[in-house]
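> build the 3D model from these lines:
(one chain, ligands or ions: 1)
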Amino acid sequence: MAPKSKIRRTLGEALRDGAARLKTSSSPLLDARILLRAATQIDDAELIARSDAPLSDPDELDFDRLVARRARGEPVAYILGEKEFWSLPFKITPDVLIPRDDSECLIESILARRPRDEALTMLDLGAGSGCLICALMSEFQKGYGVGIDQSESAIKIARMNAETLGLCNRSAFAVGNWLAPVGGAFDIIIANPPYIADTERSALPVDVLDFEPERALFAGVDGMDDYRAILAAFAATPGLIHGDGLLVFEAGERQVGRLTQMVKETFQAANVAVIADLKGRQCGIAADFRLIKKRD
Ligand SMILES: C[S@@+](CC[C@H](N)C(=O)[O-])C[C@H]1O[C@@H](n2cnc3c(N)ncnc32)[C@H](O)[C@@H]1O
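Next up is the predicted model:
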């Protein structure tokens with residue numbers, strides 16, 4: 001008897017089945033589409049145009065493996081090993097936090113305060129993948145960027161990303177505890193330190209809690225430990241920000257009020273403002289040492 005030929009799933013059926021297996025994701029269809037694209041190397045337009053075309057055996061196997069990883073909670077960015085930030089591609093591994101779209105509000109707030117043609121020196125505290133400092137260097141094309149992180153693996157990734165983006169001749173990266181490795185003064189200092197309170201741990205989704213680095217997330221009982229450490233280091237090492245410099249911190253809505261107060265106490269000469277994103281959500285603070293007051 002001749003062997004029965006296997007009935008292959010179409011691309012459209014695979015997409016629907018994949019989404020159905022990802023019910024615990026907040027975006028099952030999107031995740032399934034991204035994973036199907038990765039397994040088949042077919043772009044969105046072709047996926048739609050050829051939704052009745054059969055999936056090849058190797059592509060089906062790949063897709064099922066990717067969906068199984070996502071179904072266990074692994075974030076899409078770690079599965080693919082990349083994430084876009086500020087329209088730039090970043091290599092991502094589980095050693096670094098996945099860049100969040102929300103953090104783009106920090107870049108926007110800096111661009112609202114400084115002209116792009118200035119040759120600024122920029123420092124990123126807790127650089128992770130290097131997304132913030134690379135985004136800044138891509139905008140301030142005469143600028144020079146330094147990234148610091150306590151994680152050696154993260155610094156390797158940040159360096160690799162700067163190299164891939166053609167920014168390595170304008171950047172340096174170092175491993176260390178916040179300001180400890182830093183010498184000289186900077187025009188812009190950006191920091192997205194950990195700010196999740198230990199008490200919020202149980203509210204985090206599995207994607208974050210089980211997969212992202214602990215040291216990128218948690219900052220003590222009130223989520224303020226790393227802000228306190230950074231501000232104490234600034235107080236102990238005056239002169240790290242130029243007289244007309246700018247310091248920008250990302251913060252959670254729960255931390256913004258206390259952080260504003262702490263920054264005002266540490267930098268009495270600075271004009272301290274809360275940064276809000278396009279939806280009006282508070283996402284950080286900016287301490288501007290230039291006197292002209294700008295609105296977010
Ligand atoms: C919230 S993540 C931000 C990563 C990246 N800047 C971003 O926005 O995606 C915080 C980063 O701070 C780093 N970090 C934590 N404690 C640190 C310390 N004491 N000194 C330097 N970096 C630290 C973590 O390793 C992590 O990469």
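> so what's the closest residue to residue 160 other than its chain neighbours bridging to?
Leaving aside its chain neighbours, residue 160 sits nearest to residue 91 (5.9 Å; criterion: C-beta to C-beta, 6 or more residues apart in numbering). From N, CA and C alone the C-beta is placed, and that goes for glycine too. Per DSSP bridges, the residues bridged to residue 91 are residue 82.
> and residue 91, how far from the ligand?
Separation of residue 91 from the ligand (C-beta to the nearest ligand atom, to the nearest Å) stands at 13 Å.
> which ones are touching that residue?
Residues near residue 91 by C-beta atoms under 8 Å, 6 or more residues apart in numbering: 81, 82, 129, 157, 160, 161, 164.
> restricted to helices, list those residues.
157, 160, 161, 164 (DSSP state H).
> any weak-confidence spans in the stretch 151-296 of the chain?
Scanning the stretch 151-296 of the chain for pLDDT under 70 picks out the ranges 291-296.
> try 90 this time
Low-confidence segments of the stretch 151-296 of the chain, defined by pLDDT under 90: 183, 238, 277-279, 290-296.
> what does it put close to the ligand?
151, 154, 177, 178, 192, 193, 194, 215, 216, 226 (C-beta under 6 Å from any ligand atom).
> biggest separation within the residues you listed, which pair?
Farthest-apart pair in these is 177 and 192; separation 16.2 Å (C-beta to C-beta).
> between these two, which one's more packed in?
residue 192 (26 against 12; other C-beta atoms under 10 Å).
> remind me, longest strand of this protein?
In the chain, with assignment by DSSP state E, the single longest strand is strand 241-250.
> what lies in contact with it?
102-103, 105-106, 109-110, 113-114, 121, 185-193, 195, 227, 234, 259, 263, 267, 270, 275, 283-290.
> among these, name the buried ones.
103, 105-106, 109-110, 113-114, 121, 186-193, 195, 227, 234, 259, 263, 267, 270, 275, 283-289 (16 or more other C-beta atoms under 10 Å).
> name the nearest residue to residue 127, ignoring sequence neighbours.
Per C-beta to C-beta, 6+ apart, closest to residue 127 is residue 147, 3.2 Å.
> surely the one you found is in contact with residue 124?
Yes: using C-beta atoms under 8 Å, residue 147 is in contact with residue 124, at 4.5 Å.
> quickly list what's touching both of those two.
Here residue 147 and residue 124 have 130, 133 as joint contacts, going by C-beta under 8 Å, 6+ apart.
> using CSV, write down the CA coordinates of stretch 99-113.
Written as CSV, here are the backbone C-alpha positions of stretch 99-113 (Å, rounded to 0.1, in the frame of the first residue of the first chain):
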residue,chain,number,x,y,z
PRO,A,99,14.3,47.5,25.7
ARG,A,100,10.8,48.9,26.3
ASP,A,101,9.0,51.3,24.0
ASP,A,102,8.1,53.4,27.1
SER,A,103,11.8,54.3,27.5
GLU,A,104,11.7,56.2,24.3
CYS,A,105,10.1,59.1,26.3
LEU,A,106,13.6,59.7,27.8
ILE,A,107,15.2,60.2,24.4
GLU,A,108,12.3,62.5,23.4
SER,A,109,12.7,64.5,26.5
ILE,A,110,16.4,65.0,25.9
LEU,A,111,15.8,66.0,22.2
ALA,A,112,13.3,68.5,23.5
ARG,A,113,16.0,70.1,25.6
